[in-house]
Every structure is written in structure tokens, then in C-alpha cells.
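Student: give me a 3D structure for the following:
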Amino acid sequence: MPKIFDLVTASDLAVYWTEKNQNTQPLLGATLFPRNNVLGTELEWIKGAKNQPVALRLSSYDAKAIRRDVQGIEKVKTEMPFFKESVYIDEKLRQQLNNMIASNNQSVIDKILDRIYDSETALIDSSEISLERMRMELLTTGTITLSSNGQSYNYDYGLANYQKQTVNKSWSDPTADIIGDITEYVEDMKARGVTITRAVCNSSVAKYFRTNEAMKNAIYVFAQGTVNITTERAIDYIYNETGVRIAVYDNVYVGEDGEPVKYIPDDTFVMLPDGDLGTTTLGVTPEESDLMNNLNAEVSIVNGGVAVTTSQIVDPVNVETKVSMVGLPSFERADEIVIVDVSA
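Tutor: Below is the predicted model:
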């Protein structure tokens, strides 16, 4: 008869989570900062490689070439934060599972195992939430601040002053010149060698598009009559006028205080170029480096670098499931975004 140690293993949990999430759409930050893996726990990247071309300098004949320094390139290196939590099987579920194993009722055993697996793999879901939290905080502030369990990390990605703008008139004012503001930031970045093509915000900003008088009037004229001003119609109009395609992202996560937190804060509008902005870099956890061949623990790697470890507890009899991760976003294109406070 199988024991609980045989039924709840790291490999089974990894397979269960992977199959359950194989058709899940990636979070916005995951599409902007795709996965990357490194050995160890240090993150290193080159920042600021996109600059306007520089004219070639003159030289006399038969003279040695003047060496050109690479302009605007900065090498960044930092230690990545370590995340780790564990969970045990609920005592009531464990007893139900033992009773079902004894009765040999496989369908009920599977249902109880699914409940156990859902509870245990919630930690893997939490690892992705932690990554998205960092990615979106970085995207909307240029910094990452982490603090919990007596640990704290502060990362400043060094955005320039011109990349943090505040509008002159709040976009909540129906008379604000939203098109003019966006065009101004697009042209300013274009003069710096950066082509802005995208923007992200949440619904607090998107509703301003629907109520803006100038945009409403322009859409009415284009439609040759009264039409319903939807968010989609307003976003299409902005794209046609500025070349900037806007994505509305309203996802939230639960903070350490148990309250929901928006990934993109209200009244924040972030303008982006095409392509990846950086990477979501995952390093090697102690569990992966030290416990892979341990007889008392089983380790599986899931979701591109998250370690799932199960170990036997003999008193009281249980299985501990631990999920750990070393991760941090890099931001190679940090100098190509504009963060706009639209509240004035």
C-alpha cells in the first residue's frame, strides 16, 4: 500500500503544476522581461546600449586610429534576492487520504490528492507573483523595494530625470491635452534616439480617455455622428494620432498585509519601445545546488528555475513542501522608457 511519502513528491507536484498551467496566458511583465537563467546568485547586465549614432571623427593620413570609447554603456552587477516558503499537508486531508488509501478507492484518492496538490503548488504560483511584482514595480518606478521576514532589498536602476514626467494638467480634467502630452514625450524620446511605440496603464487612466473632450469630439467627427466612446475606440484614436498602442493592465496581487495591490498604480502611464526590455533572471537556489542527490529530499525545477523540494517529516508524520527561488529582473533598456504621473 502506498504511503503519503510516495504520493506527494516534488516531481509529481512539478508535473501537476506544469500540466495545470500549460494553457495559462503569461502575465504582462513576463512578456516584457522573458526568462533567463544564470549560475549562482549574481545578476549582471549591460545597461544603456541604445544611443544615437555618433559621427566618425576626422584623422590625418598615416596616423594611428583614435580609439572610441563605447558611449552610454554601463555594466551593472548585483546580488539577487532569495525567496523561500514551505507548507505542510493539512492534518485532516492527510487522514482522509490515509483512509482512502486503505479503502483502495482510487477516484476519491485522486480527488483528495488534487486538493493537496492545489494547496502545495500555490507556492509555485506565489513565486510567479513575486517575479511579476518586481517586474511591474521596476517598470512603473525604476526601482524595486522588497521587505519581509526580516530581510530587505533595495534596487535602483538609475532612470534619468527626463524619464520621470508629470503632466501640466491632470488627465482627469476633461480639457487636458492628452494627445499633446503623449506626442511631446514621444518626440522628446525620439530626439534621444528612442522610438516609443507602446504604453501601459490601468483602468484609472483609461477612463480619462473616454471622458476627454477633445478626443470625444474628434471621434464624433471621424464617426460622422454620435457614437459610444468606449475604451477601445479611444485607444484606437490615440494610436492613430501618436503611433502609441496602449495596453490596459488591471491585475492585482495580495501584499504582506493581506490587502490587494495593483501591479500598475493609479494615474501612472508608462511609455515603452518595441521588443524585450530586459530579462527575468533566475539563479541557482541552495536546494538545487545541494539537495538534488540527497536521500532525504527530492528536488524538481519548475517554471524556468523555481525549486520544489519535498522532504519526509517523521514526527509528526508529514511531508514538507518547500518552494525556493533566486530571481531579479535585469533592465538592459532602462533608458528607453518614460514614466508619466498623469495626476499633476
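
Student: low pLDDT regions in the stretch 1-150 of the chain?
Tutor: Residue ranges of the stretch 1-150 of the chain with pLDDT under 70: 1-3, 47-75.

Student: contact partners of the helix or strand containing Lys84?
Tutor: Assessed by DSSP states H and E, Lys84 sits inside strand 82-88. Residues from elsewhere that reach strand 82-88, judged by Cβ atoms under 8 Å, 6 or more residues apart in numbering: 41, 119-120, 122-123, 126-127, 130, 285, 313, 318-327. In short, each C-beta sits where N, CA and C put it, glycine included.

Student: only whichever of the residues you listed are buried, select them in ChimeraX.
Tutor: Filtering those down to the buried ones (16 or more other Cβ atoms under 10 Å) takes a single ChimeraX command:
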select :41,120,123,126,127,130,285,318,319,320,321,322,323,324,325,326,327
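
Student: biggest helix in this protein by residues?
Tutor: helix 106-141 (DSSP state H).

Student: quick check: angle from that one to strand 82-88?
Tutor: For helix 106-141 against strand 82-88, the angle by axes from the mean of the first three to the mean of the last three Cα atoms, to 10 degrees is 160 degrees.

Student: show me the helices in the stretch 201-344 of the chain, by range?
Tutor: In the stretch 201-344 of the chain, the helices defined using DSSP state H, counting those that start in this stretch lie at 203-211, 213-223, 231-242, 286-290.

Student: the second one vs helix 231-242, what angle?
Tutor: Right, the one you point to is helix 213-223. Going by the same axes, to 10 degrees, helix 213-223 makes 90 degrees with helix 231-242.

Student: what comes up buried for helix 213-223?
Tutor: Quick answer for helix 213-223 (16+ other Cβ under 10 Å): Met215, Lys216, Ala218, Ile219.

Student: one more: the third one?
Tutor: Neighbour counts over helix 231-242 (16+ other Cβ under 10 Å) mark Arg233, Ala234, Ile235, Tyr237, Ile238, Thr242 as buried.

Student: does anything pack onto that helix? Which helices or strands?
Tutor: Applying 3 or more Cβ pairs under 8 Å, 6 or more residues apart in numbering; DSSP states H and E, one finds that helix 231-242 makes contact with helix 178-191, helix 203-211, helix 213-223, strand 245-248.

Student: so for Ala10, which of these sits nearest?
Tutor: Relative to Ala10, the nearest member of the helices and strands packed on helix 231-242 by Cβ to Cβ is strand 245-248, separated by 36.0 Å.

Student: in its sheet, what does the closest one sit against?
Tutor: strand 198-201 (parallel) (DSSP bridges).

Student: quick one: mean pLDDT for the partner strand?
Tutor: Mean per-residue pLDDT for strand 198-201: 98.

Student: ok now it, how far from the chain's centre?
Tutor: 14 Å (Cα atoms, centre = their mean, to the nearest Å).

Student: may I have that strand exported as CSV, CA atoms only?
Tutor: Taking C-alpha atoms only, strand 198-201 is exported to CSV below (Å, rounded to 0.1, in the frame of the first residue of the first chain):
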residue,chain,number,x,y,z
ARG,A,198,3.7,51.2,-26.7
ALA,A,199,2.3,52.3,-23.3
VAL,A,200,0.7,50.5,-20.3
CYS,A,201,-1.7,51.8,-17.7
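
Student: adjust the sequence numbering to begin at 163 for everything that follows.
Tutor: Yep, numbering from 163; the last one is strand 360-363 now.

Student: burial measure for the residue lying closest to Thr305 once chain neighbours are set aside, as a count.
Tutor: Excluding its sequence neighbours, the residue lying closest to Thr305 (Cβ to Cβ, 6 or more residues apart in numbering) is Asp318, at 5.0 Å. Asp318 is flanked by 10 other residues according to other Cβ atoms under 10 Å.

Student: correct me, but Asp318 touches Gly304?
Tutor: Yes - Asp318 is in contact with Gly304 according to Cβ atoms under 8 Å; the separation is 7.2 Å.

Student: which ones are touching the nearest residue to Met454 once chain neighbours are set aside?
Tutor: Excluding the flanking residues, the one nearest Met454 by Cβ to Cβ, 6+ apart is Val461, at 5.2 Å. Going by Cβ under 8 Å, 6+ apart, Val461 touches Ala172, Glu449, Glu450, Leu453, Met454, Ala469, Val470, Thr471.

Student: can you tell me how far Val461 sits from Thr171?
Tutor: 10 Å (Cβ to Cβ, to the nearest Å).

Student: with Asp280 instead?
Tutor: For Asp280, the distance to Thr171 equals 16 Å [Cβ to Cβ].
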